[in-house]
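[1] okay, sequence plus prediction incoming.
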Amino acid sequence: MIDILTISSDPAHANAIARIVETGESHHRVRTSSARLSDLCASDEALDGIDLLIFEGSQLMQEDFDALATIAARHADLSCILLAPSPSADLLVRAMRAGVKDVQPWPADPHDLGRAVARIAAKTRGTRRDGRVISFVSCKGGSGTSFLAANLAFAASAAGKRALLIDLNQQFGEAAFLVCEATPPATLADVSAQIERLDPAFLEACLTHVSESFDVLAGALDPACARDIKPEHLQRILNLARPLYDLIIFDIGQSISHVSIAALDQSECMFAVLQLSLPYLRAGRRLMEIFRSLGYRGDRVRVLVNRYEKRGPVGLQELEKAIGLRASSVIPEDDASVSASINQGVPILRLAKSSGVAKGLNDLMRSLSPQPVIGRTRILQKFFARPALSRA
């Protein structure tokens, strides 16, 4: 399954191409647009997250070939198929020089176009991932959200997955220091301040590399800088990171803001982290009300109980009565192991892999079985929903 954009100056043609591509069992994600290629070149984020561009050019002009060449230079991982009436040898040469992978006649033959898309999809699947996105939200300060998010990411990497932790905690984000001692080369605020430079190489240089398959995009150390992070910045980072990682985890902390809502919108599931005490239950009930007001379905919201004690003053039944949801996961109390992990900046699965907390995190990681991905990138939806621009 890949992300495909079909473009034609005639919306009916773009829709016809989409119907051909959507036929079969591959379930590719397809968008259509009647925007010009030059419009895509003028927007840095317009092709973020797109694997294949299918362009129907009934009346090709030199500016179209120039735009295709610009797109190919900017997006090395993007493939392009050109559809043109009775393509000549000269057109084939010009198209290939512009970076086009395949040229097909228009009107398109469904069988031939389908095979061309399948070849590109097979090649793309061999080099890209389709990162799942989850979020950890604190019902109340001190719940242990950052510790759980960081150590779950490490557990995923230890299980052979590539994991990225993005620290959205806007109050002195320190998730990176929970799993390593290295000083982050850059923070989310730094990336946002230079968002026009964002590409795979720039993102790689800004990440804290905890292990070969576990990276952290550190949170803003100064709350004043965190205010400059915008939802669109987060969306561009996520669009770039999805093909590179199997699991992307947002540590949201306690703050519900326009930026954290952008992360929650893209999350397949969100873990509300609390402890079993009356203040946490009251805060958890309020958080569930916020989630409902934002339209988040119950199957996306999971309750995670941290520092669980069987003989504690509040039980799991009281939790369910108070907030209307059962606990999907529990992490047991183990103050000694957790404190040692935090103080040393070493993941608990490395420091105390036989502890109850480590086992709980491994169980949580295994519970994240593959789920259908939700709709992607509102930026793209807004961009391609715009009416076609006049060529006049």
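    Sure, I can see it. Source: prediction; values computed, not measured.
[2] only C-alpha atoms for contact and neighbour calcs from this point on.
    Noted.
[3] what's the pLDDT at the residue lying closest to residue 29 once chain neighbours are set aside?
    For residue 29, ignoring the flanking residues on the chain, the nearest one in space by Cα to Cα, 6 or more residues apart in numbering is residue 3 at 4.8 Å. Residue 3 is assigned a predicted lDDT (pLDDT) of 82.
[4] tell me who's in contact with residue 3.
    By Cα atoms under 8 Å, 6 or more residues apart in numbering, the residues touching residue 3 are 28-30, 49-52.
[5] what's the lowest-pLDDT member of these?
    Lowest pLDDT within the contacts of residue 3 is found at residue 49 (72).
[6] of all the contacts of residue 3, which two lie farthest apart?
    Of all pairs drawn from these, the greatest distance, 12.8 Å, lies between 28 and 49 (Cα to Cα).
[7] neighbour count winner among these two?
    Shown here are residue 28 and residue 49; by other Cα atoms under 10 Å, residue 49 has more neighbours (21 against 17).
[8] returning to that earlier point: so which of the contacts of residue 3 is the closest to residue 324?
    When those are ranked by distance to residue 324 (Cα to Cα), residue 29 comes first, at 34.8 Å.
[9] next up, phi/psi of the closest one, please.
    In terms of degrees, to the nearest 10, the main-chain angles of residue 29 are phi -90, psi 120.
[10] how about the contacts made by the closest residue to residue 320 other than its chain neighbours?
    Once flanking residues are discounted, residue 320 sits nearest to residue 326: 5.0 Å by Cα to Cα, 6+ apart. Shown in contact with residue 326 (Cα under 8 Å, 6+ apart): 303, 316-317, 319-320.
[11] ChimeraX command to pick out the buried ones of those?
    Buried subset of the contacts of residue 326, written as a ChimeraX selection, criterion 16 or more other Cα atoms under 10 Å:
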select :303,316,319
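[12] mind listing which of the contacts of residue 326 are in helices?
    By the criterion of DSSP state H, membership of the contacts of residue 326 in helices covers 316-317, 319-320.
[13] surely residue 46 is in contact with residue 38?
    No. Counting by Cα atoms under 8 Å, residue 46 sits too far from residue 38 to count as a contact (11.0 Å).
[14] higher neighbour count, the two?
    Legend: neighbour count by other Cα under 10 Å for residue 46 and residue 38, higher for residue 46 (18 against 15).
[15] before we move on, which element is the closest residue in space to that one that isn't next to it in sequence in?
    Closest residue in space to residue 46, ignoring its immediate chain neighbours: residue 40 at 5.7 Å, by Cα to Cα, 6+ apart. Using DSSP states H and E, the element containing residue 40 is helix 37-42.
[16] gap between the two ends of stretch 182-191?
    18 Å (Cα to Cα, to the nearest Å).
[17] residues contacting that stretch, please?
    166-168, 176-177, 198, 203, 205-208, 217-221, 225-226, 228-229.
[18] switch the cut-off to 7 Å
    206-208, 217-220, 225-226, 228-229 (Cα atoms under 7 Å, 6 or more residues apart in numbering).
[19] as a markdown table, those residues with distance to residue 366 would be great.
    What follows is those, written out as a markdown table (distance: Cα to Cα, whole Å):
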| residue | distance to residue 366 |
| --- | --- |
| 206 | 29 |
| 207 | 26 |
| 208 | 25 |
| 217 | 24 |
| 218 | 25 |
| 219 | 27 |
| 220 | 30 |
| 225 | 36 |
| 226 | 33 |
| 228 | 36 |
| 229 | 32 |
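[20] kindly write the ChimeraX command that selects the buried subset of those.
    To isolate the buried members of the contacts of stretch 182-191 in ChimeraX, using 16+ other Cα under 10 Å:
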select :206,207,208,217,218,219,220,225,226,229
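[21] what about residue 213, distance to residue 77?
    According to Cα to Cα, residue 213 and residue 77 sit 21 Å apart.
[22] okay, those two: which has more neighbours?
    Each of residue 213 and residue 77 has its neighbours counted (other Cα under 10 Å); residue 213 has more, 19 against 14.
[23] that one: what's it in contact with?
    By Cα under 7 Å, 6+ apart, the residues touching residue 213 are 157, 161-163.
[24] which of these has the most neighbours?
    Neighbour counts for the contacts of residue 213 (other Cα under 10 Å) peak at residue 163, which has 29 neighbours.
[25] would you enumerate the residues in contact with it?
    Contacts for residue 163 (Cα under 7 Å, 6+ apart) come out as 153, 156-157, 213-215, 245-248.
[26] let me know the closest of those residues to residue 276.
    Residue 276 lies nearest to residue 153 out of these, by Cα to Cα, at 24.2 Å.
[27] what's the spacing between the closest residue to the closest one other than its chain neighbours and residue 345?
    Nearest in space to residue 153, with sequence neighbours left out and distances taken as Cα to Cα, 6+ apart, is residue 163 at 5.6 Å. To residue 345, residue 163 is 18 Å away according to Cα to Cα.
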